[in-house]
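# Fold the following for me, if possible:
(chains A and B)
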2 protein chains.
Amino acid sequence: MKTYFDCISCFVQQTISTLRRISDDEALQEEALRKVLLLLSEINLNLPPPVMAQPIYRTIREVTGNADPFSQEKTNQNIYAHSLVSEIKERYHSDPDLFIKMLRLSIAGNIIDSGVNSAVKSEDVLKSIHCSMETPINMKAVNALRNAITEANTILYLGDNAGEIVFDKLLIEQMPHDKVTYVVRGAPIINDVTIKDAQEVKMDELVDVIDNGSDAPGTILDDCSQGFRERFESADLIIAKGQGNYETLSEANKNIFFLLQAKCPVIARDIGCEVGSFIVERKI
Amino acid sequence: MKTYFDCISCFVQQTISTLRRISDDEALQEEALRKVLLLLSEINLNLPPPVMAQPIYRTIREVTGNADPFSQEKTNQNIYAHSLVSEIKERYHSDPDLFIKMLRLSIAGNIIDSGVNSAVKSEDVLKSIHCSMETPINMKAVNALRNAITEANTILYLGDNAGEIVFDKLLIEQMPHDKVTYVVRGAPIINDVTIKDAQEVKMDELVDVIDNGSDAPGTILDDCSQGFRERFESADLIIAKGQGNYETLSEANKNIFFLLQAKCPVIARDIGCEVGSFIVERKI
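Numbering: from 1, shown residues only, chains lettered A, B, ... in the order given. Got it, this is the predicted structure:
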């Protein structure tokens, strides 16, 4: 997906809110913001938004010296999402189709995106979960995904955000999870999942977890490690969570299913749906 | 008033929406947006927002070749506001204190600001008018303004936006208007009033109208004509409408009353009020 003008305005807002999260030092904030504006003046709009987000957040980290501004936020998101699990398991334990329920919840969990919404609240998460069973969903694509999971020998599940990873785990539990490898980002970027998050929610006790070697908030294959690219190429099936993975892989030539909430007007326009839609989409 | 980080984000949004208003040519839009981002990377945050808005809108005009992107919008706003006058006059014609009613309406009319809200709707205007008689207002400042008007021999009324000027006229009718000169911008900028708007609403048949010689969306004295500056210096009383005039004159050493709606969080924070507040404030 290309980058739209509105992404530029969103990047400026993300920069300001991230800088405020890190420091009250206005001179430091100003230095970082000026550098980001200069970067944006030279943006390549033909590339996906995460390609620009990567140097923006690198600039913020370099100028402020804060390597992981969302560190505490991610832990809080993991703890909060985990606190909802027992109630979810109780509610659905005898459900005849746990796969679809957990699929819906994992898309509901995609609301926990500190890029699109710098201050995701527990009310936002609860509302998303509450609506998740009634939100329209592409059942043809869901059934195709079921079949693809059955047929595949190797499945790469590309994670997106902290907190959300807890719901991903509930979904993966409904798959033949010995085939599944869960992929996290190579280094902290916004509230995207890293190895630390996978360990915090014990994803690593359920499936193999690898990182993609990149600090972009998406999957920019050219920027990923050789090891990850080989796994990506050889996998029978890719399940890609969230906007960043959609934006960077929507034109990839692989057997990919995207699971996400279309949380901003730009991606909704690109997909051709309403903001807030639950997306299950196959791109082959 | 200084420029805040949030103003930068707002400038980017204003640039994008103004470019979309002017042209569908994405290459042209991109060229202008890149130039604006470069300007913003070098912004002087110690100066008021209109000082930055001026080169931003100049850049948009230069790159697109459109000297007045809001021309039709301004005429529509004048026509729409005028269409409300007969009902207003009918409703209030026997009111014992027309001055305060028209003062409130002139602040209500300040909602017609295509900078803060690129697509002001008639519903926004009607809502603002509807609430205007109940919105809290600083009566001490209103009474000080009444006295200042009585005492002054020369009054400069600094206009702000098209449409709003119709309500300014209703207010000026309640003053000894032979003392009043109405001031418009020196050239088109956003939907700010120019000589053309003053003529469209026949302000020039009620009072003298002069322009300030500047194309900034405010009153940057150093950028105004010598003639205007002399009038400004010698006036006994300045009535300054709107955010742009507040932002540029809030620290001026003159007998000024500001009349405005605090329409964005930045100015509300600077003034110390809620967004949407009606402001009547004296700065001496």
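
# can we go C-alpha only for contacts and neighbour counts from here?
Noted.

# Show me where chain A dips below the pLDDT cut-off.
Along chain A, segments meeting pLDDT under 70 span A:284.

# And the one helix or strand residue A:91 maps to, what's buried?
Using DSSP states H and E, residue A:91 maps to helix A:85-92. Counting neighbours by 16 or more other Cα atoms under 10 Å in any protein chain shown, one finds that the buried residues in helix A:85-92 are residue A:88.

# C-terminal to it, what's the next element?
Proceeding N to C from helix A:85-92, the next assigned helix or strand is helix A:98-108, under DSSP H and E.

# outside of that following helix, which residues touch it?
Applying Cα atoms under 8 Å, 6 or more residues apart in numbering or on different chains, the contact partners of helix A:98-108 are A:92, A:125, A:128-129, A:132-133, A:142, A:164, A:167-168, A:170-171, A:174-175, A:241, A:259-261, A:278-279.

# Pick out the residue closest to the middle of chain A.
Centroid check for chain A by Cα atoms, centre = their mean gives residue A:160 as the closest residue, at 2.2 Å.

# That one and chain B, how far apart?
Per Cα to the nearest Cα, to the nearest Å, residue A:160 is found 26 Å from chain B.

# Return the nearest residue of the stretch 151-284 of chain A with respect to chain B.
Chain B sits closest to residue A:266 of the stretch 151-284 of chain A, with a gap of 13.7 Å, by Cα to the nearest Cα.

# quick one, what contacts that residue?
A:4, A:6-7.

# from these, which are also near chain B?
residue A:6 (Cα under 8 Å from any Cα of the partner chain).

# Please name the nearest non-neighbouring residue to residue A:270.
residue A:1 (7.6 Å; Cα to Cα, 6 or more residues apart in numbering or on different chains).

# how many neighbours does that neighbour have?
A count of neighbours around residue A:1, defined by other Cα atoms under 10 Å in any protein chain shown, yields 19.

# Can you give me every residue that contacts it?
Taking Cα under 8 Å, 6+ apart as the test, what residue A:1 contacts is A:47-49, A:246-251, A:270.

# any chance of these in TSV, plus neighbour count and secondary structure?
Converted to TSV, the contacts of residue A:1 look like this (neighbours: other Cα atoms under 10 Å in any protein chain shown; DSSP: H, G, I helix; E, B strand; the rest coil):
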residue	neighbour count	secondary structure
A:47	15	coil
A:48	23	coil
A:49	25	helix
A:246	25	helix
A:247	23	helix
A:248	22	helix
A:249	21	helix
A:250	22	coil
A:251	12	coil
A:270	13	helix
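
# picking that back up, which other residues reach the helix holding residue A:91?
Contacts for helix A:85-92 (Cα under 8 Å, 6+ apart): A:98, A:101.

# would CSV of the contacts of residue A:266 with neighbour count and secondary structure be doable?
Formatted as CSV, the contacts of residue A:266 follow (neighbours: other Cα under 10 Å; three-state DSSP):
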residue, neighbour count, secondary structure
A:4, 16, coil
A:6, 15, helix
A:7, 20, helix
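
# Looking at the contacts of residue A:266, spot the one nearest chain B.
Chain B lies nearest to residue A:6 out of these, by Cα to the nearest Cα, at 7.6 Å.

# Pull out the buried residues from stretch A:251-258.
A:254, A:256-258.

# Give me the subset of the residues you listed lying in strands.
A:256-258 (DSSP state E).

# need the contact list for residue A:218.
Going by Cα under 8 Å, 6+ apart, residue A:218 touches A:50, A:160, A:185, A:243-248.

# All the helices of chain A, in order from the start?
For chain A, helices defined by DSSP state H occupy the ranges A:5-22, A:26-41, A:49-64, A:71-83, A:85-92, A:98-108, A:122-132, A:139-151, A:164-172, A:195-200, A:226-234, A:242-249, A:265-271.

# who wins for proximity to residue B:121 among those helices?
With Cα to Cα as the criterion, residue B:121 lies closest to helix A:265-271 of the helices of chain A, at 20.9 Å.

# Enumerate the positions of the closest one that are buried.
Going by neighbour count (16+ other Cα under 10 Å), the buried part of helix A:265-271 is A:265-268, A:271.

# Ok, stretch A:72-84 next?
Buried-residue list, stretch A:72-84, by 16+ other Cα under 10 Å: A:73-75, A:77-79, A:81-82.

# just stretch A:23-37 next, same as before
For stretch A:23-37, by 16+ other Cα under 10 Å, it's A:29-30, A:32-37.

# which one among the contacts of residue A:218 gets closest to residue B:204?
Residue B:204 has its nearest neighbour among the contacts of residue A:218 in residue A:50, at 54.3 Å by Cα to Cα.

# Lovely, talk soon.
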